[in-house]
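A.B. asks: when you get a sec, could you give me coordinates for this:
(4 chains)
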There are 2 protein chains.
Amino acid sequence: MAVIKDVAKLAGVSPSTVSKYLNNPQSVLAKNCEKIEMAIKELNYRPNLFARQLRVQDSHTIALIAQEIMNPFHATIYNTIRKAAIKKNYSVILYSISDVGGELSTLLDSIPRNYFSGIIVCYFHDMDKSLEFALANKDIPFTIMSNIPYTNNLENVRLLYGDFAHGIEMITEFIIGKGRKKIAYVGCMTRQPDQEPKFTSFMRTMGRHNLKPHSVVRLQKEYRAETGYESLKIILEKEERPDAILVDNDIMAIGVLRGLADHKIKVPDEIIVTGFDDITMASFYSPALTTVRVPIEAMSIKAFDLLYEMMEKGNIATEIPVFVPEIVVRETTS
Amino acid sequence: MAVIKDVAKLAGVSPSTVSKYLNNPQSVLAKNCEKIEMAIKELNYRPNLFARQLRVQDSHTIALIAQEIMNPFHATIYNTIRKAAIKKNYSVILYSISDVGGELSTLLDSIPRNYFSGIIVCYFHDMDKSLEFALANKDIPFTIMSNIPYTNNLENVRLLYGDFAHGIEMITEFIIGKGRKKIAYVGCMTRQPDQEPKFTSFMRTMGRHNLKPHSVVRLQKEYRAETGYESLKIILEKEERPDAILVDNDIMAIGVLRGLADHKIKVPDEIIVTGFDDITMASFYSPALTTVRVPIEAMSIKAFDLLYEMMEKGNIATEIPVFVPEIVVRETTS
DNA sequence: TTGTACGCGTTATCAC
DNA sequence: GTGATAACGCGTACAA
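C.D. replies: A predicted model of the protein is given here:
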């Protein structure tokens, strides 16, 4: 493998000139540029990233800490951030909470934090630990995506907030507005019930209408169709059936729908079903799923942009929008 | 940020002793180990990866070149390889063909090849270019996943082969066995028809039964549900409807199913539909999709294992299994 | 078993 | 505009 010295020798200039050519071609005489270019081609030279990174102390690589990407919602986050990063010449390494059995702190301990130019944390279920981590690594830019309104005054942290609780409030109101009163709630036991913004928002809205849930199933499992399928089984064990099932994410809602199809229970006639996220499959499933759309692509792009700003331009205070969800009505409710 | 020298000073030993402790603790006296450990904790020392990588010329990072991961089939490949890599302390950086408009050569040119400890190529549509790339980078271990039986004698390359053509043959026979004769084919125009193993396998099998396809739709678009939906529209424009639709991937098959639901065309009574891949959604969709299961997790794990062997142990000639698909019969055909 | 000295390949600085 | 020189932090041969 040819190194910069070889190129310099062949081109008849010094290594520094080659380096300058690589990093700022305009500052090198045209005739030298030509010679260098030819030498690079001739030797098939590629800069050694190891050396460059050591010198500039920058990997141009960011870490994304996120949930299992077999869930399309999280795959979208990862993919959107990855694409945004590539455009700016950054690489992304994904760290999935599911790799370490859902333990954020285990994951955080394991990553070589001082290697990354920046870190994006997208794990809604443990904001405290995320912030603590950012606090302990003040020299690294962070973007933390959250589903509850946090504020902070850390120089190295940008917080991004999607108002998921409001989304749940809207969809709960929507279901109640349809005249349904026996409403079941399906989610995952990611944290204590009173700590989970979606669930608490549901209960609060129900309370406003003096309603109690038909049932609540929050298994301690992954967000997957299988888990939704299993949750439905538990709901149907009750003597009385619900007339609506609010699932707090799409992928599990699809598991629920599949279970209802198995039981030949008509959707939406007997039971209406709603999801959350608006993954692609929500509109392609049959019946198509009524759900809450969160502008996750926009959020993901913003997450990277904020990080990029910190990484390249230092700390600029930018206006950060709040991302508001909206209801998408489809076949499972009408 | 503390460096190894600081640790050495605090522990009262030399930097090289600390280095040895980090890389081979047994070769350092127990009492020194203790002191070093304490110093590391005290200073919150983390080895500088930039320096280590420069010294050993190894990033412990592999590149995966694959298709768009918003397709669950490819997401599975990526995720499985990533998880396998993590266990062996390797990171994975994903390069998606879709990022560069589907041009493999553009992508290959852009990646810093000399940075990676190994490269896995999983792009079935241009084997020649993949092999050519591996040939031009003999110092990097490669695993290339393919859907046609290739052989090679490159020291740095392992080829992995899933017999997709056989899968298509089986499912075509299966459809014909159901007595259907007006069979439509849906896929993507990734390469010329006579170069595409799935499509040629379909045509060959049809030919054996003296059958001509009802229609063939291979749009030059991404493998997505939308594309399947669109393809169906084109099929239904024909005067006569097909009685079977063979889709060569699941995600587009779901788009087709959704379209059929829109037209109130009964599946499987009027038209039977089959897919390929057996993504999770195939079994959760309603009606559940008959498809061809390829052991993609096993293939992905093997892909990494072969690479790992080359990266760590040098070139060992290992038996590589052929991965054979099987039909999974579900509701869309019965 | 431990310490000293050097080199990995690049870029930033500063004379010229 | 160009070139010599130092420095980034770690691993390792070699000497002690």
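A.B. asks: render the CA-only coordinates of the helix ranked longest in chain A in CSV, please.
C.D. replies: Selection of the longest helix in chain A by residue count, based on DSSP state H, yields helix A:296-313. These are the backbone C-alpha positions of helix A:296-313, laid out as CSV (Å, rounded to 0.1, in the frame of the first residue of the first chain):
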residue,chain,number,x,y,z
ILE,A,296,-40.2,10.4,12.5
GLU,A,297,-38.2,11.1,9.3
ALA,A,298,-38.2,14.8,10.1
MET,A,299,-37.2,14.1,13.7
SER,A,300,-34.4,11.8,12.6
ILE,A,301,-33.0,14.3,10.1
LYS,A,302,-33.2,17.1,12.7
ALA,A,303,-31.4,14.8,15.2
PHE,A,304,-28.5,14.5,12.8
ASP,A,305,-28.5,18.1,11.8
LEU,A,306,-28.3,19.3,15.4
LEU,A,307,-25.4,16.9,16.0
TYR,A,308,-23.7,18.0,12.8
GLU,A,309,-23.9,21.6,13.9
MET,A,310,-22.2,20.8,17.1
MET,A,311,-19.6,18.6,15.5
GLU,A,312,-18.6,21.0,12.8
LYS,A,313,-19.6,24.5,13.8
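A.B. asks: show me where the stretch 101-250 of chain A has strands.
C.D. replies: For the stretch 101-250 of chain A, the strands defined by DSSP state E, counting those that start in this stretch cover A:118-122, A:142-146, A:157-161, A:183-188, A:215-219, A:244-247.
A.B. asks: returning to that earlier point: tell me what the next helix-or-strand element following the longest helix of chain A is packed against?
C.D. replies: Next along the chain after helix A:296-313, taking DSSP states H and E as the criterion, comes strand A:326-328. With contacts defined as 3 or more CB pairs under 8 Å, 6 or more residues apart in numbering or on different chains; DSSP states H and E, strand A:326-328 has these neighbours: helix A:164-177, strand A:291-293. Bear in mind the C-beta positions are built from the backbone N, C-alpha and C, glycine included.
A.B. asks: go through strand A:326-328 and flag the buried ones.
C.D. replies: Within strand A:326-328, the residues that qualify as buried by neighbour count (16 or more other CB atoms under 10 Å in any protein chain shown) are A:327, A:328.
A.B. asks: same check on stretch A:47-67?
C.D. replies: When burial is assessed from 16+ other CB under 10 Å, stretch A:47-67 yields the following buried residues: A:47-50, A:52-54, A:59-67.
A.B. asks: does it reach DNA strand D?
C.D. replies: Yes - where contact is defined by CB under 7 Å from any atom of the strand, part of stretch A:47-67 touches DNA strand D, namely A:51, A:54, A:55, A:57.
A.B. asks: give me the subset of those touching DNA strand C.
C.D. replies: Near DNA strand C, by the rule CB under 7 Å from any atom of the strand, you find A:51, A:54, A:55 out of the residues of stretch A:47-67 next to DNA strand D.
A.B. asks: and those residues near chain B, which?
C.D. replies: Taking CB under 8 Å from any CB of the partner chain, the overlap between these and the neighbourhood of chain B is A:51, A:54.
A.B. asks: residues in contact with the spatially closest residue to residue A:172 that is not a sequence neighbour?
C.D. replies: In space, and not counting its chain neighbours, residue A:172 is closest to residue A:205: 4.1 Å by CB to CB, 6 or more residues apart in numbering or on different chains. With CB atoms under 8 Å, 6 or more residues apart in numbering or on different chains as the criterion, the residues that contact residue A:205 are A:168, A:169, A:172, A:173, A:176.
A.B. asks: pLDDT wise, what is residue A:320 at?
C.D. replies: In the predicted model, residue A:320 carries a pLDDT score of 86.
A.B. asks: host element of residue A:93?
C.D. replies: Assigning secondary structure by DSSP H and E places residue A:93 in strand A:91-96.
A.B. asks: among the residues of stretch A:47-67 next to DNA strand D, which are in helices?
C.D. replies: The helices in this structure, assigned by DSSP H, contain A:51, A:54, A:55 from the residues of stretch A:47-67 next to DNA strand D.
A.B. asks: JSON lines for the strands of the stretch 101-250 of chain A, including distance to residue B:31 and mean pLDDT?
C.D. replies: Putting these into JSON lines (distance: least, CB to CB, whole Å; pLDDT from 0 to 100) gives the following:
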{"stretch": "strand A:118-122", "distance to residue B:31": "37", "mean pLDDT": "97"}
{"stretch": "strand A:142-146", "distance to residue B:31": "39", "mean pLDDT": "95"}
{"stretch": "strand A:157-161", "distance to residue B:31": "41", "mean pLDDT": "93"}
{"stretch": "strand A:183-188", "distance to residue B:31": "49", "mean pLDDT": "97"}
{"stretch": "strand A:215-219", "distance to residue B:31": "51", "mean pLDDT": "97"}
{"stretch": "strand A:244-247", "distance to residue B:31": "59", "mean pLDDT": "98"}
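A.B. asks: between the ones you listed, which one is closest to DNA strand D.
C.D. replies: strand A:118-122 (18.6 Å; CB to the nearest atom of the strand).
A.B. asks: quick check: phi and psi on the residue nearest the centre of chain A?
C.D. replies: The residue lying closest to the centre of chain A (CA atoms, centre = their mean) is residue A:77, at 3.9 Å. The main-chain torsion angles of residue A:77 are listed as degrees, to the nearest 10 and equal phi -60, psi -50.
A.B. asks: give the contact list for it.
C.D. replies: A:64, A:66, A:122, A:145, A:296, A:299, A:300.
A.B. asks: gap between it and chain B?
C.D. replies: 11 Å (CB to the nearest CB, to the nearest Å).
A.B. asks: tell me how far that residue lies from residue A:160.
C.D. replies: Between residue A:77 and residue A:160 the distance is 11 Å, computed by CB to CB, to the nearest Å.
A.B. asks: and if you look at residue A:205?
C.D. replies: Noted for residue A:205: a distance of 24 Å to residue A:160, by CB to CB.
A.B. asks: circling back: contact partners of the longest helix of chain A?
C.D. replies: A:62, A:73, A:76-77, A:80-81, A:84-85, A:88, A:90, A:117-120, A:122, A:141-143, A:145, A:156, A:158, A:160, A:162, A:277, A:316, A:318, A:320-321, A:323.
A.B. asks: which of these are buried?
C.D. replies: Among the contacts of helix A:296-313, those that count as buried by neighbour count (16+ other CB under 10 Å) are A:62, A:73, A:76-77, A:80-81, A:84-85, A:90, A:117-120, A:122, A:141-143, A:145, A:156, A:158, A:160, A:162, A:277, A:323.
A.B. asks: who in chain A is up against DNA strand C?
C.D. replies: Within chain A, the positions lying close to DNA strand C (CB under 7 Å from any atom of the strand) are A:1, A:3-5, A:15-16, A:19, A:22-23, A:47-48, A:50-52, A:54-56.
A.B. asks: 10 Å instead, please
C.D. replies: By CB under 10 Å from any atom of the strand, the residues of chain A that approach DNA strand C are A:1-8, A:14-24, A:27, A:45-58.
A.B. asks: which of the residues you listed fall within strands?
C.D. replies: Among the residues of chain A next to DNA strand C, none falls in strands (DSSP state E).
A.B. asks: and the helices and strands packed on strand A:326-328, which is most packed in?
C.D. replies: A comparison of these by mean neighbour count, using mean count of other CB atoms under 10 Å in any protein chain shown, puts strand A:291-293 on top with a mean of 24.
A.B. asks: what lies in contact with that strand?
C.D. replies: Contact partners of strand A:291-293, identified using CB under 8 Å, 6+ apart, comprise A:167-168, A:170-171, A:250, A:253, A:274-278, A:282, A:325-328, A:330.
A.B. asks: what's near enough to touch residue A:89?
C.D. replies: Going by CB under 8 Å, 6+ apart, residue A:89 touches residue A:60.
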